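K.L.:
Below is the structure, and that's it, no one-letter string:
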Ligand SMILES: O=C(O)C1=C[C@@H](OP(=O)(O)O)[C@@H](O)[C@H](O)C1
Ligand SMILES: C=C(OP(=O)(O)O)C(=O)O
């Protein structure tokens, strides 16, 4: 895709539904009793992979007129799939479904694309095995494909070495079936959508600080869910609004759950002109419209507990930092290396190709802002977050940019380029 510089970005946009909440609503809906009606479901390839996996386990899921209806089978009503379950590009699908499969009365194989087959699964294999699960990496390399045979499980107290909602959620979902109590403590709190939705569906779950505890649950009950807009999709328009001159963009109905909204804290620290308006709720998830205007950004240090609350937004924040005065340091973000791509190496490489002053470190990046960016030939390496970040970089660069693998935005935001085009003034 060829992209040209933009003069500004102006107007309003409603970003698609939150990816994490969309996945969880199909998963919990499938193992609940009764019907779960999902409004605002994200029609991205990752969430469609989750629907497809549950259909292969006998769940009737309708998807029409913008509403997904899941006819739940109850906690013990899934059936053995006759084919390997294809999680596509989705780490969330792979890891969360593993927690459910660990306790079913059948065996299943979970697989996915080339990227999924390189992502670490030892982080769920270890705690699920401690609970009694029979879960193996078929090629014994700690990655998918995974062979999972359901077993009776017992609760554990697990100190997770990583702040990962996917690890925490896999354990809590297995914990619904495990004898006694299952407890997960994280080094820092990660997104808590699983805990909120489990509570909403009737599970016995409580949280204290970065510890979540679930008890064996006799039944979950289906419910109506309205998915808020995804802050991880909003970040691209927010960044464009800040770094392009004469810009003003209103991003409507964005989920601002504090365990997800580290971006807001960091934008404030960088001096961004970002205002929250129309604060509201979508079920247990807080929402707001984000009004963003051209900003004089300055560098900051991004580290510690804010990192898991903005992990998927960090590539875009690195771009913002190129337009900030002074130095931005991103630390404690080694998790970026094990996403769809190595997001530390590739963000640094691509930003440098566009003329930025970026140094890659073991757990983040050092960015010295203020150098103008120029167009370049950039690859997204099939990583949707990189494609969207560098589409925005191209708008703010001098000269044209050739973006390879641009179409992988379909993973989390199929209409991204249409929405962007509508807002761009060239
Ligand atoms: O639980 C989730 O829905 C997600 C958790 C995060 O991954 P980790 O749990 O691996 O940090 C995030 O990067 C991913 O996009 C979605
Ligand atoms: C890391 C991501 O997703 P997942 O882990 O579900 O593949 C992402 O969407 O940026």
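P.N.:
Happy to help now that I have it. Quantities reported herein were computed from a predicted structural model and do not represent experimental measurements. Numbering: from 1, shown residues only. Ligands and ions are numbered 1, 2, ... in the order given.

K.L.:
what bits of the stretch 51-200 of the chain have low per-residue confidence?
P.N.:
Within the stretch 51-200 of the chain, not a single segment meets pLDDT under 70.

K.L.:
Please work out which residue of it is closest to ligand 2.
P.N.:
residue 91 (2.7 Å; C-beta to the nearest ligand atom). In short, each C-beta sits where N, CA and C put it, glycine included.

K.L.:
which ones are touching that residue?
P.N.:
Taking C-beta atoms under 8 Å, 6 or more residues apart in numbering, we find residue 91 in contact with 116, 119, 166, 339, 340.

K.L.:
show me which of these neighbour ligand 2.
P.N.:
Residues of those in contact with ligand 2 (C-beta under 6 Å from any ligand atom): 339, 340.

K.L.:
who in the stretch 51-200 of the chain is up against ligand 1?
P.N.:
Contact residues (C-beta under 6 Å from any ligand atom) of the stretch 51-200 of the chain with ligand 1: 91, 92, 164, 165, 166, 169, 190, 191.

K.L.:
Weed out the non-buried ones from those residues.
P.N.:
91, 92, 164, 165, 166, 169, 190, 191 (16 or more other C-beta atoms under 10 Å).

K.L.:
For those, give me TSV that also has secondary structure.
P.N.:
Below are these laid out as TSV (DSSP: H, G, I helix; E, B strand; the rest coil):
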residue	secondary structure
91	helix
92	helix
164	coil
165	helix
166	helix
169	helix
190	coil
191	coil
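
K.L.:
tell me which parts of the stretch 201-350 of the chain are close to ligand 2?
P.N.:
So the stretch 201-350 of the chain meets ligand 2 at 312, 339, 340 (C-beta under 6 Å from any ligand atom).

K.L.:
Which single one of the residues you listed is nearest to residue 123?
P.N.:
Residue 123 lies nearest to residue 339 out of these, by C-beta to C-beta, at 13.2 Å.

K.L.:
so how far is residue 173 from the closest one?
P.N.:
Here the criterion is C-beta to C-beta, to the nearest Å. By it, residue 339 lies 21 Å from residue 173.

K.L.:
Tell me which of those two has more neighbours.
P.N.:
Between residue 339 and residue 173, counted using other C-beta atoms under 10 Å, the more crowded position is residue 173 (29 against 20).

K.L.:
how about that one, secondary structure?
P.N.:
Per three-state DSSP, residue 173 ends up helix.

K.L.:
how about the residue nearest to it when sequence neighbours are not counted, what does it touch?
P.N.:
Spatial nearest neighbour of residue 173, chain neighbours left out: residue 99 (3.5 Å); criterion: C-beta to C-beta, 6 or more residues apart in numbering. Residues in contact with residue 99, defined by C-beta under 8 Å, 6+ apart, are 124, 128, 169, 170, 171, 172, 173, 174.

K.L.:
Give me the contacts around the helix or strand containing residue 108.
P.N.:
Element membership for residue 108 (DSSP states H and E) is strand 107-111. Applying C-beta under 8 Å, 6+ apart, the contact partners of strand 107-111 are 57, 80-81, 84-87, 94, 97-98, 101, 117, 138, 144-150.

K.L.:
switch the cut-off to 7 Å
P.N.:
Outside strand 107-111, the residues within contact range by C-beta atoms under 7 Å, 6 or more residues apart in numbering are 80-81, 84-87, 94, 97-98, 101, 144-149.

K.L.:
Buried residues of it, list them for me.
P.N.:
Under the neighbour-count criterion of 16+ other C-beta under 10 Å, strand 107-111 has 108, 109, 110, 111 buried.

K.L.:
Now secondary structure, distance to residue 318 and pLDDT too, for the residues of the stretch 201-350 of the chain next to ligand 2, in TSV please.
P.N.:
Converted to TSV, these look like this (DSSP: H, G, I helix; E, B strand; the rest coil; distance: C-beta to C-beta, whole Å; pLDDT from 0 to 100):
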residue	secondary structure	distance to residue 318	pLDDT
312	helix	12	98
339	coil	14	98
340	coil	16	97
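
K.L.:
wait, which of the residues you listed is closest to residue 52?
P.N.:
Taking C-beta to C-beta as the measure, residue 52 lies nearest residue 340 of these, at 18.8 Å.

K.L.:
residues touching the closest one, list them.
P.N.:
With C-beta under 7 Å, 6+ apart, residue 340 has these contacts: 89, 115, 383, 384.

K.L.:
List just the nearest of the contacts of residue 91 to residue 71.
P.N.:
Taking C-beta to C-beta as the measure, residue 71 sits nearest to residue 166 out of these, at 25.9 Å.

K.L.:
how about the closest residue to that closest one other than its chain neighbours, what does it touch?
P.N.:
Excluding the flanking residues, the one nearest residue 166 by C-beta to C-beta, 6+ apart is residue 95, at 4.0 Å. Residue 95 is in contact with 124, 166, 167, 170, counting by C-beta under 7 Å, 6+ apart.

K.L.:
10 Å instead, please
P.N.:
Residue 95 sits next to 87, 110, 119-121, 123-124, 128, 144, 146, 164-171, 173 when contact means C-beta atoms under 10 Å, 6 or more residues apart in numbering.

K.L.:
Tell me the secondary structure of the residue nearest to residue 173, please.
P.N.:
Under three-state DSSP, residue 99 falls in the helix class.

K.L.:
Kindly report the same for residue 152.
P.N.:
Of the three states, residue 152 takes coil according to three-state DSSP.

K.L.:
Likewise for residue 371?
P.N.:
coil.
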